[in-house]
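Trainee: Could you look at this predicted model? Sequence included:
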Amino acid sequence: MADLKRILTTSSVAAAGAGFAFATMSIIADVQVADLVLGNTGWIAVVVAAIFCILASWCFGELSGMFPTSAGVRVYIQQAFNEKMAIPLSAAYIFTVVAASGAEAYVFGSVFVALIPGGPSIWFYVILGFAIAGALNYFGIEIASGVQNLMAMIMFFFLVTVSLVALFKFGVRFENWYNPIGNGAGAEGFITAIALSVFLFAGFEWVTALSEETREQSVISRGMIGSILILCVVYALLNAALVSAVPKDVLMGRVVWTDGLNYGARPHVVFIKIVFGSYELLGLICVGILSFLASMTSFNAGILTTSRFLYAMSRDKTMPRYLSKIHMEYFTPYAAIITLCAVALVSAILLTLLGGFDSFTYAVAGAEIMMYVLAALSVIKLRSKMKTRERPFRIPLYPLTAIFTAIFFSLLFVMVFADQKVEVQAGFVIFISIIAVMVLHTIFVIPWLRRK
Amino acid sequence: MSDIQESLKAANDFKDKMNENVKVRKLLKRWNPLIHFDAKDSDVKLTFKMSEGMAVSAEEGHVGDAELAVTFPTVNDLVDMFSGKLDPTPMYLSGDILVKGHQADVIKLDAITMIIWPEK
């Protein structure tokens, strides 16, 4: 391999992966996980999900080593199966993530509406969020990876510290902090909690798009594991701390807090208020900064990755040609960036008008789990289809690990949508609708695009 | 002709053609990368140097630390690409041509291919 001037290291890949995955919506998902299980045992679901995400990361590690391209998942599925399967599923996965950015924008706006009473309306913050992330991507303004990683680490350090303080101050609140299936509760809620916990790690695999910026493939594989471990510590501690400090009904927005506000879309605000006590103002400033950084890194990474993906699909004539336009001054795929910002903004507008932001945690968890199953199946298929292809990283204990990953995540896929709650079923409808649109796109639009 | 001679000749022809292309020169006027090329099935190694939108040199071996490293599956693909017979985009998108480097540089390389091999 040639000597390159700029290369990514394992620690920067780990920080980038954790930063990609961490969003303000993640805190809501963490609360939803806590609500699905008995007492204060949500942290166990988070840890179990992390272990299985590591198995999935091995699959992505092997695939990205074989095909180190920014087109990522589409290439893996296409090489293992066929284009007709690869295009709708990978595009649905991408568009689900983009639509979820609308939910993130809604939550981002809700936090600032609560923090600045009498300030601008939620629309201001939603548009501001996309304007900043869109402009950064449009003009190709690159935040130095060191700065980005430092910001991510400060966020995680803050959350871990606050969680430990909360646990020290309030204890674990419930006697049961170790047995999620005890007291005759059965395993169903716990398995659904594990499935939903996958949302918390959604995005760790996006670092495979950085394969082109590494010298050794092992950097990506190790970086993904590093991201999952960082996120696991942060979310597991936060999960236990949230429940110890604030009643679940308040966190879920079923009951208003003593100040008369409903914190359903911003549970971390009430959590910080309670933990900081008489230093509430300081805590709220920290929450503002945390929410801003979390949402911005999430928007920025989301638009950056998905715009490159859309651009690659357009170059491959599977998306309209205008999406491959590159800005001749800034060298950015500006048409794809503007289109994605528009889609996310429409999603945010619909959510603000109709409600149901919490459905997106289920839709994204479903899309992620589907992708993990496909990654495991692709590894299995390619081991027989491309026996001699170079594999810089191989899954340990193959085929057991790959088969187990495929089976386990298939089960989780069923469980994530098994609940009859409205938000869960709405999440399923969103997910299926996006897949249906992409299937129709593959059948009717792509042949037309290729004939043009 | 040996692999390296053939590759070098094709690379130099490509360099001259690129320098004649006003659009490429204008597009890449502030881009000054070193690009390393090689092929998996051969020892052929080339370094392509660009400065202010012009391809300055194509020489044998890997010289210096590159902004981009491009690996072709075969030396024939490399020669065909430099000869203009092979549009590298489909092979890149399918993961057969390996490109290492920062995303901003990768997209610039793609911009060149869009001009030299326009979509039909």
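Mentor: Now that the structure is in, tell me what you want to look at.
Trainee: Let me see the mean pLDDT of the helix or strand that contains A:Thr305.
Mentor: Per DSSP states H and E, A:Thr305 falls inside helix A:280-315. The average pLDDT for helix A:280-315 rounds to 85.
Trainee: Is there proximity between that helix and chain B?
Mentor: Yes. Judged by C-beta under 8 Å from any C-beta of the partner chain, helix A:280-315 comes into contact with chain B at A:308, A:312, A:315. Placement of C-beta: from N, CA and C, glycine included.
Trainee: residues contacting the second one?
Mentor: Translated: A:Ala312. A:Ala312 makes contact with A:69-71, A:74, B:93, according to C-beta atoms under 8 Å, 6 or more residues apart in numbering or on different chains.
Trainee: neighbours of A:Val233, just the number please.
Mentor: 17 (other C-beta atoms under 10 Å in any protein chain shown).
Trainee: For it, list the residues it contacts.
Mentor: Residues near A:Val233 by C-beta under 8 Å, 6+ apart: A:Val160.
Trainee: Which of the helices or strands spans it?
Mentor: Per DSSP H and E, A:Val233 falls inside helix A:218-245.
Trainee: mind listing what's buried in that helix?
Mentor: A:219-228, A:230-245 (16 or more other C-beta atoms under 10 Å in any protein chain shown).
Trainee: Give me the helices and strands touching the next helix-or-strand element following that helix, please.
Mentor: Sequence-wise, the next helix or strand downstream of helix A:218-245 (DSSP H and E) is helix A:248-251. Where contact means 3 or more C-beta pairs under 8 Å, 6 or more residues apart in numbering or on different chains; DSSP states H and E, helix A:248-251 is packed against helix A:24-36, helix A:267-276.
Trainee: what's the closest non-adjacent residue to A:Leu374?
Mentor: Nearest non-adjacent residue to A:Leu374, counting by C-beta to C-beta, 6 or more residues apart in numbering or on different chains: A:Ile77, 5.7 Å away.
Trainee: tell me which element that neighbour is part of?
Mentor: Per DSSP H and E: A:Ile77 is located in helix A:73-80.
Trainee: quick check: angle from that helix to helix A:280-315?
Mentor: Going by axes from the mean of the first three to the mean of the last three C-alpha atoms, to 10 degrees, helix A:73-80 is angled at 40 degrees with respect to helix A:280-315.
Trainee: Buried residues, the very next helix or strand once past helix A:73-80. List them.
Mentor: Downstream of helix A:73-80, the first helix or strand assigned by DSSP H and E is helix A:83-115. Within helix A:83-115, the residues scored as buried using 16+ other C-beta under 10 Å are A:86-114.
Trainee: quick revisit: going by distance to A:Ile435, which of the residues of helix A:280-315 next to chain B wins?
Mentor: Comparing the residues of helix A:280-315 next to chain B against A:Ile435 with C-beta to C-beta places A:Ala312 closest, at 19.9 Å.
Trainee: From the contact counts, what lies against the helix or strand hosting A:Ile51?
Mentor: Following DSSP H and E, one finds A:Ile51 within helix A:42-66. Counting by 3+ C-beta pairs under 8 Å, 6+ apart, the packing neighbours recorded for helix A:42-66 are helix A:24-36, helix A:73-80, helix A:188-201, helix A:218-245, helix A:359-385, helix A:400-416.
Trainee: could you give the mean pLDDT of the longest one?
Mentor: Going back to what we said before, that points to helix A:218-245. pLDDT averaged over helix A:218-245 gives 94.
Trainee: now it and helix A:188-201, what's the angle there?
Mentor: Between helix A:218-245 and helix A:188-201, the angle comes out at 130 degrees (the same axes, to 10 degrees).
Trainee: and A:Gly171, how many neighbours?
Mentor: By other C-beta under 10 Å, the residues close to A:Gly171 number 12.
Trainee: Give the full set of residues in contact with it.
Mentor: Counting by C-beta under 8 Å, 6+ apart, A:Gly171 touches A:Ser244.
Trainee: confidence score at it?
Mentor: 86.
Trainee: cool, and A:Ala144?
Mentor: 63.
Trainee: Check A:Ser211 too.
Mentor: For A:Ser211, the pLDDT comes out at 80.
Trainee: With the one 3 residues further on instead?
Mentor: Taken from the predicted model, the pLDDT recorded for A:Thr214 is 81.
Trainee: Quick one: name the residues of chain B near chain A.
Mentor: Within reach of chain A by C-beta under 8 Å from any C-beta, chain B has these residues: B:27, B:36, B:38, B:45, B:62, B:64-69, B:89-90, B:92-95, B:98-104, B:106-108, B:110-111, B:114, B:119.
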